[in-house]
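1. My questions concern the predicted model and sequence given below.
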Amino acid sequence: MGKLDEVKSLIDWLKDLFKTLIAIMVADIAKLFIDDKINLLFYLGVSNLAVGCIVISRKVELHLNELGKI
């Protein structure tokens, strides 16, 4: 039961991290867009958002597969 709870806890933590990443990056990107400052910083923000989402989604997928094996 310990491993099951550990994996569930890790998945919940990754979901919270994902929500926080989305909230921060969307707010920053929206501010740059509203201020009409679409420059390198804007595109770095968009690319960082995409990479962060991909990494966190992949980790969640791996832990869900591990959860399925338990």
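-> Thanks, I have it. Residues are numbered from 1 along each chain as shown.
2. so how far is stretch 11-22 off the chain centroid?
-> Centroid separation for stretch 11-22 versus its chain: 6 Å, with C-alpha atoms, centre = their mean, to the nearest Å.
3. Contacts made by that stretch with the rest, please.
-> L49, G52, C53, I56, S57, K59, V60, H63, L64, L67 (C-beta atoms under 8 Å, 6 or more residues apart in numbering). Yep, even glycine has a C-beta here, placed from its N, CA and C like the rest.
4. for the first one, what are its contacts?
-> It refers to L49. Contacts of L49 by C-beta under 8 Å, 6+ apart are L21, I22, M25, V26, I29.
5. Neighbour-wise, which one of those leads?
-> Sorting those by how many neighbours each has (other C-beta atoms under 10 Å) puts I29 first, at 19 neighbours.
6. Chain neighbours aside, what residue packs nearest to it?
-> In this structure, I29 finds its nearest non-sequential neighbour in G45, 4.7 Å apart by C-beta to C-beta, 6 or more residues apart in numbering.
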